[in-house]
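K.L.:
Curious how this folds, go ahead:
(chains A and B)
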Amino acid sequence: MSRPVLVRREQVLRGGQPLAFGIGLCVALLVGLVLLVGSGHDPLRVYGRMFEASLGDPRAWSVTLNRAVPLGLAGLAVAVAGSMGLWNIGAEGQIMAGAIGAAWIARIGGEWPSPVLITAMLAAAILGGGLLALGPAVARARIGVNEIITTLMLNEVAIRLVQWLVHGRWKDPGSHNFPLAPMLPDNARLPGLFERAHFGVVLAGVVIALFGVAASRTAWGYELRVAGSSGATARYAGISLERKVMTVLILSGGVAGFAGGIELSGAADRITEGLSNGFGFAGIIVAALALMRPSGVAAVALLFGAVQIGGQSIQTMGVSSSVSTILQALILFGAIAAGVLSRYRVEMVAGEATEATG
Amino acid sequence: MTEASLIGLLEATVSFGALLYLAALGEMIAEKAGILNLGVEGMMAMGAVTGFTVALHSGDPWVALLAAVAAGAAVGLLHGFFTVVLGAEQVVSGLSLTILGLGLSAYLGRGSVGRPAGAELVGVDWGPLTDLPWAGPVLFGQSPLVYLAVLAGFATWFVLWRTRLGLAVRAAGESASTADAAGHSVAGIRLAAVAVGGGLAGAAGAYLTLSLTPQWVEGVVAGRGWIAVALVIFGAWRPGRVAIGALLFGLTLALKTRLQTFGVDFSPILLSMLPYLLTVGVLVVISIRSRNRPSPSPAALGIAYRREER
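P.N.:
Got it, this is the predicted structure:
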């Protein structure tokens, strides 16, 4: 009797990751086809509409770009930590913490000139996100507490913190009984770019590019990769692991917080508990698909933004918005499988023999 | 604070505690075998929608429960396929499973929103025990799933710590190559553990829609899957301690809607942060203590095992 095993390829398949992504997308679209037919829709019309609404014209592009901003920055946040082998699962909460910081500045700086106010808001957002990551960062660096769980737990804490503020201290007296924060003042809003796109698209692009350069062309980025692949080598080379772990996790939180500030100032009317609508979790997927490289993050975020915006647009055709959620998860599962197969090949081996000699 | 409201609080504590315990036990079993599954939230959602839908069509709550367990196990196996067979990153696969489960459950349940339940899992007849003061309603007035959760806890403890199979499972989670050398199939053990874990998460989901609030709404799991993940750490991977943690976290869930009735002027929202903050605190304590003694966390947790690359 023989059984299939995965054998590591001597060389990773060239262009493996974009290919993996493409395969993931195809798998997702095929399964989506079944779901759509199952609910009595014409899949071609639905997919056509998704494309039109997300990438069909400049206006569609502007909406998709806006969505790609929080996805890309959250993905960057995860990738920054991931390049060192750390998992920041807390981007969702850090986005909220960043939004809290930005909203707080907007509350006290209502009279400030717009550029000053927005700059202060974004700075506070970075601080907020970094602050939420501070605990997990120190705990991981000093006593080796698993950062996956601590960052994950703080998500729920941050979301509830926003709930608490919106239900109490920050509740708009004019909102009657609804727990709503007041609308942002006009000078707290990011200027527009084209159509619906806001200036956050540029800011996010610059930040992602900066990190891309830092990761691939500076000693700092090199040290991160060394520290990520082998702690022993890093120590030998005189790299302080403790400090690296701490700065990287705090920086990662700061980037996610920045996403929260931009989302609040660019896309939202006010801070709500639904501000980060799963962006932090989607960011993990974006970073994973981009193999933790900032350069890939932007491209993947754009595609995910298109899938999300396309998914929203088909609700008017009576298609459940859950279809787009399913598509996103399936793209990832398909891409994981294809990614593994670009590094491994399947071989049939005699099963019993290896059991005996193994 | 009246006696009746206090009894109500304890009743709800046990009820929520059992819900969390079912899901946390499942996660614990998977982690004991070395697989971190962050898809609990999604597996619970799949169990919840499957249980409710099958109850609508069959009218039999037990068939519905079985179907929910099967659905949870099936999506759990998806995580198993990616992490065990393909050796993919467990964090990424688990989170994708959560997203998939939430999306798929919403898709499958879109026709069930607002419909009354087809069947409910109602209380077990304990005879005169039910009439006991305090203990009657708190311990003997519960959904059958509460008693199943207790049984599952004992069974898990017995199998994991008192049988050869359990030894093999724990070996797979502590040192996969050692387990392999001892002649165990690490892949088989891990797949089975993830499937059992998914089944228990599915049962917890069915508890939501067949007992707790017999109806289907999107987002019914409401973050309780994450509490289950937290509980495993809080309980240091021991069924007994996880049970104590489940009651404690269950109490915070039960208190949330009752603070005002008790005249306590404390925000229920801040209270609901407590399980997560406590878990972080416990994790820090575990890490500090594990400098001098072995950590309770399975040593091979989260690490893929490729037999051919030993």
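K.L.:
What segments of the stretch 51-200 of chain B are helices?
P.N.:
B:61-80, B:90-108, B:135-140, B:144-162, B:164-174, B:176-181, B:186-207 (DSSP state H, counting those that start in this stretch).
K.L.:
list the buried ones in the third one?
P.N.:
Applying a neighbour-count criterion of 16 or more other CB atoms under 10 Å in any protein chain shown, one finds B:136-140 buried in helix B:135-140. Every C-beta, even on glycine, is put in place using the N, C-alpha and C of the backbone.
K.L.:
do the fourth one as well
P.N.:
Along helix B:144-162, the positions that meet the burial threshold by neighbour count (16+ other CB under 10 Å) are B:144-149, B:152-153, B:156-157, B:159-160.
K.L.:
State the next helix or strand along the chain beyond the helix or strand hosting A:I309.
P.N.:
Taking DSSP states H and E as the definition, A:I309 sits inside helix A:294-313. For helix A:294-313, the following helix or strand on the C-terminal side (DSSP H and E) is helix A:322-343.
K.L.:
Give me the angle between that following helix and helix B:61-80.
P.N.:
40 degrees (axes from the mean of the first three to the mean of the last three CA atoms, to 10 degrees).
K.L.:
Helix A:322-343 - what's its average pLDDT?
P.N.:
For helix A:322-343, the mean pLDDT works out to 83.
K.L.:
For it, what is the distance to the chain centroid?
P.N.:
16 Å (CA atoms, centre = their mean, to the nearest Å).
K.L.:
And that helix, what does it pack against?
P.N.:
If you count contacts as 3 or more CB pairs under 8 Å, 6 or more residues apart in numbering or on different chains; DSSP states H and E, helix A:322-343 packs onto helix A:16-38, helix A:279-289, helix A:294-313, helix B:90-108.
K.L.:
Next, see if stretch A:70-80 gets close to chain B.
P.N.:
No. Remark: stretch A:70-80 sits outside contact range of chain B, by CB under 8 Å from any CB of the partner chain, the gap being at least 9.9 Å.
K.L.:
returning to that earlier point: any chance of the buried residues of helix B:135-140 in a markdown table, with distance to chain A and pLDDT too?
P.N.:
Putting those into a markdown table (distance: CB to the nearest CB, whole Å; pLDDT from 0 to 100) gives the following:
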| residue | distance to chain A | pLDDT |
| --- | --- | --- |
| B:G136 | 35 | 80 |
| B:P137 | 30 | 84 |
| B:V138 | 28 | 83 |
| B:L139 | 30 | 88 |
| B:F140 | 33 | 87 |
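K.L.:
Present those residues as a markdown table; the columns should include distance to B:W126.
P.N.:
As requested, the buried residues of helix B:135-140 are exported to a markdown table (distance: CB to CB, whole Å):
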| residue | distance to B:W126 |
| --- | --- |
| B:G136 | 8 |
| B:P137 | 11 |
| B:V138 | 12 |
| B:L139 | 9 |
| B:F140 | 4 |
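K.L.:
Out of the helices and strands packed on helix A:322-343, the one nearest A:R107 is which?
P.N.:
helix A:279-289 (23.0 Å; CB to CB).
K.L.:
CA atoms only for stretch B:231-245 - export them in PDB, please.
P.N.:
C-alpha atoms of stretch B:231-245 as PDB (Å, rounded to 0.1, in the frame of the first residue of the first chain):
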ATOM      1  CA  LEU B 231     -10.300  29.700  29.100                       C
ATOM      2  CA  VAL B 232      -7.900  27.000  28.000                       C
ATOM      3  CA  ILE B 233      -5.000  29.200  29.100                       C
ATOM      4  CA  PHE B 234      -6.800  30.400  32.200                       C
ATOM      5  CA  GLY B 235      -7.300  26.800  33.200                       C
ATOM      6  CA  ALA B 236      -3.700  25.900  32.400                       C
ATOM      7  CA  TRP B 237      -4.800  23.000  30.100                       C
ATOM      8  CA  ARG B 238      -6.400  21.100  33.000                       C
ATOM      9  CA  PRO B 239     -10.100  20.100  32.700                       C
ATOM     10  CA  GLY B 240     -10.800  20.800  36.400                       C
ATOM     11  CA  ARG B 241      -9.300  24.300  36.300                       C
ATOM     12  CA  VAL B 242     -10.900  25.100  33.000                       C
ATOM     13  CA  ALA B 243     -14.200  24.200  34.600                       C
ATOM     14  CA  ILE B 244     -13.600  26.600  37.500                       C
ATOM     15  CA  GLY B 245     -12.600  29.300  35.000                       C
END
